[in-house]
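Asks: Build the 3D model from these lines:
(one chain, ligands or ions: 1)
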Amino acid sequence: MNVDLSNVLEERVDGGLTRDKVAESGADEVDVPENVARLPERTDAGEIAEAGARLAERFDAFVNIGIGGSSLGGATVVDALAPDAPVYFVDNVDPDALARLLDSVPLRDTVFSVVSKSGRTAETVANYAVVRDALREAGVEPSENTVVTTGEASPLRDADTRATFTFADVPGRYSALSTVGLLPAAFAGVDVESVVRGGEDGAVERDAGVLDDAGRALGATNHLLGEGGVRASVMMPYAERLETFADWYVQIWAESLGKDGTGQTPVRAVGATDQHSLLQLLVDGPGDKLVTFVDPGGSEDGFVVEDEGYLNGVSLDELRSAELDATRASLVRDDVPNVRVELDGVTPEEVGELLYTYEIATVVAGRLAGVNPFDQPGVEWGKRAARGALGDDSCAEEREVVGSVKETLLRV
Ligand SMILES: O=P(O)(O)OC[C@H]1O[C@H](O)[C@H](O)[C@@H](O)[C@@H]1O
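Replies: Model prediction:
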């Protein structure tokens, strides 16, 4: 994996950065906590691979029940490396979607993997309660078809299940390179040991300079551009297998950096599709965005266009690359800074390194901005308010606010 920062430099775009400014940003002095920095080397990928293989021997489908960091890491790895596997993610409260999923999988031969660090997340607990009832109605003992990954202090640790795994000692959104993110992929037969090895490749020596460490350089670049007026960070992979990575990026970037009135709005996009959607705003809208292209590298599928004028004999891969280059150039023409992350194919190693690199970039950007990149205080009030609205009297104060906000002042 390489990161091309050419198009954030002042030689390329007005308002751009200098190499020295990035190098002297202080990103090399940011302390990335050991639990995050050393997660890949502390992850027993062999054990995860074996656990996934054992489950795959017994079950035909795998359903991950979790939300946020307890779903997006696993979904990123599976969608990138095993997009056609019978692995599904229940990460919302949507009775229609859950009903359709339960109708589509062979319940008796499906393992439900409940993932929650706290063990108290309403969406996850509620979804699993519904699944548990559905299993019983199908004559299946729920504990036989359930595994759990949860924290040390979680009530889920006492759940009667087939296996209980310990949630890595990191905030959920930083847990992709652990059982949380890798068990679904292991079930799907992904080489999770290579994914973790890719993460290790992303880890660099502690005394490395900013420009020697992609994660730190990206963190510094995002921070400095933010100080220069960039308010939105668009993550635009040019591969549908990496779309979920863009979703993962939205969570880690928003939850880690959106604090104390600061933080760039992360935007999920996919190329080439969003050249016909978002690009107009990126080029001609407010000059407050950074665009990151993820170039997947070559594809095995050599589809070639025939009998179509200038496209005659052009492969879809060549068309995709030409469009990516053209889109980058159109942003440079309008002084929109952009980064190009170049993968050597969507492989386990490259996916692991991509995830790890952006974890480090997030920590560095947060520390340079003076915020804590590991908590999410802003989401807690809403959880209490929902509990209050559902009758929990310990959240009566929040319930009153919900009631007042529901009063209609203007309806059109
Ligand atoms: O893993 P859990 O404890 O169930 O938390 C699941 C998710 O919900 C929390 O509210 C945060 O928004 C996320 O950072 C977290 O990943």
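
Asks: got the contact list for residue 70?
Replies: Residues in contact with residue 70 (CB atoms under 8 Å, 6 or more residues apart in numbering) are 115-117, 121, 124, 149, 172, 175, 180. Glycine gets a C-beta too; all of them are placed from N, C-alpha and C.

Asks: cool, residue 396 as well?
Replies: Residue 396 makes contact with residue 388, according to CB under 8 Å, 6+ apart.

Asks: Now name the helix or strand holding it.
Replies: helix 396-406 (DSSP states H and E).

Asks: Mind listing what's buried along that helix?
Replies: Residues 398-399 are the ones in helix 396-406 that count as buried (16 or more other CB atoms under 10 Å).

Asks: Report the distance from it to the chain centre.
Replies: Put simply, helix 396-406 sits 32 Å off its chain's centre (CA atoms, centre = their mean, to the nearest Å).

Asks: Next: stretch 63-70.
Replies: With CA atoms, centre = their mean, you get 12 Å for stretch 63-70.

Asks: same check, this time on stretch 369-377
Replies: How far stretch 369-377 lies from its chain's middle: 17 Å, per CA atoms, centre = their mean.

Asks: so how far is the first residue of it from its last?
Replies: Stretch 369-377 has an end-to-end distance of 17 Å (CA to CA, to the nearest Å).

Asks: again with stretch 194-211
Replies: Using CA to CA, one end of stretch 194-211 lies 25 Å from the other.

Asks: Let me see the mean pLDDT of it.
Replies: For stretch 194-211, mean pLDDT is 89.

Asks: Next, the residues that contact that stretch from outside, please.
Replies: 1, 19, 22-25, 27-28, 37-41, 43, 45, 77, 81, 177, 182, 185, 212-217, 220, 347-357, 360.

Asks: filter the residues you listed to the buried ones?
Replies: For the contacts of stretch 194-211, a burial check counting by 16+ other CB under 10 Å picks out 1, 22-23, 25, 27-28, 37, 39-40, 43, 45, 77, 81, 177, 182, 185, 213-217, 220, 347-357, 360.

Asks: Out of the residues you listed, which are close to the ligand?
Replies: Among the buried ones among the contacts of stretch 194-211, proximity to the ligand is found for none (CB under 6 Å from any ligand atom).

Asks: What about these, which are in helices?
Replies: Using DSSP state H, the subset of the buried ones among the contacts of stretch 194-211 located in helices is 22-23, 37, 39-40, 45, 77, 81, 182, 185, 214-217, 220, 348-357, 360.

Asks: element containing residue 111?
Replies: Applying DSSP H and E, one finds residue 111 within strand 110-116.

Asks: helices and strands around the helix or strand following that strand, which ones?
Replies: Using DSSP H and E, the helix or strand that follows strand 110-116 in sequence is helix 122-137. Applying 3 or more CB pairs under 8 Å, 6 or more residues apart in numbering; DSSP states H and E, we find helix 122-137 packed against strand 61-65, helix 95-104, strand 110-116, helix 380-389.
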